[in-house]
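# Just the structure for this:
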Amino acid sequence: MAHFRGEIILSGVRWYCKYGISYRDLEEMMLERGLEVDHTTL
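Numbers count the residues shown, from 1 in each chain. Next up is the predicted model:
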């Protein structure tokens, strides 16, 4: 199980809440920033 720093998690939550993006879009955005996550675990 991977653990991410609090700032990374907060960024993902902020994007999801502010822009109403899907989990798949959030997965792509995090991958662009070098973080490999799966949309099913978000």
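# Quote the end-to-end distance of stretch 20-36.
Criterion C-alpha to C-alpha, to the nearest Å; first-to-last residue distance in stretch 20-36 is 21 Å.
# And the contacts of it?
Contacts to stretch 20-36, defined as C-beta atoms under 8 Å, 6 or more residues apart in numbering, come from residues 4, 8, 12, 15, 16, 37, 38, 39, 40, 42. For glycine as for every other residue, the C-beta is placed from the backbone atoms N, C-alpha and C.
# Those residues in helices, which ones?
Counting by DSSP state H, the part of the contacts of stretch 20-36 found in helices is 8, 12, 15, 16.
# got a list of what the spatially most central residue of the chain touches?
With distances taken as C-alpha atoms, centre = their mean, the residue of the chain nearest its centroid is residue 12 (4.0 Å). By C-beta under 8 Å, 6+ apart, the contact list for residue 12 reads 26, 29, 30, 42.
# and the contacts of stretch 20-36, which are buried?
Neighbour-count burial (16 or more other C-beta atoms under 10 Å) is assigned, among the contacts of stretch 20-36, to 12, 16, 37.
# Can you give me the neighbour number for residue 20?
Applying other C-beta atoms under 10 Å, we find 8 residues neighbouring residue 20.
# And it, what's its pLDDT?
pLDDT recorded at residue 20 is 91.
# same check, this time on residue 32
Turning to residue 32, the model gives it a pLDDT of 91.
# For the remainder of this discussion, apply numbering that starts at 33.
Okay, residue one is now 33; in that scheme the one you just asked about reads as residue 64.
# Now for the residue lying closest to residue 48 once chain neighbours are set aside, how many residues are close by?
Spatial nearest neighbour of residue 48, excluding adjacent residues (C-beta to C-beta, 6 or more residues apart in numbering): residue 58 at 5.6 Å. Per other C-beta under 10 Å, the neighbour tally for residue 58 reads 19.
# Sticking with residue 58, tell me its helix or strand.
Assigned by DSSP states H and E, residue 58 falls within helix 55-64.
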